[in-house]
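Participant: sharing a sequence plus its predicted fold:
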Amino acid sequence: MAQPSIILVHGFWGGAAHWGKVIPELARQGYPDLHAVEMPLTALAHDAGRLTQMIDQQAGEVLLVGHSYGGAVITAAGNHPKVKGLVYIAAFAPDEGESPGSISQAKPPAAFANLAPDSDGYLWVIPDKFHESFCQDLTAEEGLVMGVTQKAPIGSTFGDAISNPAWKAKPCWYQISTQDRMINPENQVMMSGRMGAKKVIELDASHASLASRPVEVSALIVEAAKAISG
């Protein structure tokens, strides 16, 4: 069978460039049909709609990979008939009626207090807290760049709920970051467990495992791609 197109879906506080270390790793492993969607982060419906447009553009089958809030987006858009699998990288996988916000409020992450809204309704990670909150296993310089270039969501997006979770119908894979300060690792264990993932791996990593552990993250994506291809 032909290889699937792989669409990488970013989360809050970052854009498609957060996949910058995973993309060359996947290409080296023989997966050149790669796409990284850039979402507005203005509402779950807007973000899932933009992802759906990109899925529609693919000629064949698709593997969706979501990081952080991107997991909620692939959960919402993943029922598309072209989508054959879902990979969650330290990501939200809400059930019906749940939102990333409701999951976080039940078991808050360590850095919850380092989020701050501005007067326009955008929710930011406090810039001088970004490195310690989001990517403590990257260099201080990398953390500085991520913090300055962060893409803040509209705060209300955090409360947008899922209506028909795709992980109930599609094969899934999940990577847990055990040192995550943005999504409580206990929530990641809960979400990966209830979805009946085909494989769950744990990495001693921050929330930014896609940047700090790209080899391991890419290996899980390749495993998923091979599974849905054969």
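Facilitator: Everything's here; your move.
Participant: quick check: residue 36 is in a helix.
Facilitator: No: counting by DSSP: H, G, I helix; E, B strand; the rest coil, residue 36 is not found in a helix; it is strand.
Participant: for this protein, longest strand please?
Facilitator: strand 83-91 (DSSP state E).
Participant: run the chain-centre distance for it.
Facilitator: Distance, stretch centre to chain centre, for strand 83-91: 8 Å (Cα atoms, centre = their mean, to the nearest Å).
Participant: tell me which helix or strand comes right after that strand.
Facilitator: For strand 83-91, the succeeding helix or strand toward the C-terminus, using DSSP states H and E, is helix 100-106.
Participant: helices or strands up against that next one?
Facilitator: helix 185-194 (3 or more Cβ pairs under 8 Å, 6 or more residues apart in numbering; DSSP states H and E). Any C-beta I mention is one placed from the backbone N, CA and C, and that applies to glycine too.
Participant: check which helices and strands the helix it packs on sits against.
Facilitator: The contact analysis (3+ Cβ pairs under 8 Å, 6+ apart) places helix 185-194 against strand 83-91, helix 100-106, strand 172-177.
Participant: got TSV for these, with mean neighbour count, distance to residue 37 and mean pLDDT too?
Facilitator: Below are these laid out as TSV (neighbours: other Cβ atoms under 10 Å; distance: least, Cβ to Cβ, whole Å; pLDDT from 0 to 100):
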stretch	mean neighbour count	distance to residue 37	mean pLDDT
strand 83-91	28	13	98
helix 100-106	17	18	96
strand 172-177	26	19	98
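Participant: what's the angle between the biggest helix by length in the chain and strand 172-177?
Facilitator: With DSSP state H setting the assignment, residue counts place helix 214-229 as the longest helix in the chain. Note on geometry: by axes from the mean of the first three to the mean of the last three Cα atoms, to 10 degrees, helix 214-229 and strand 172-177 are set 170 degrees apart in direction.
Participant: now the angle from helix 214-229 to strand 83-91?
Facilitator: 160 degrees.
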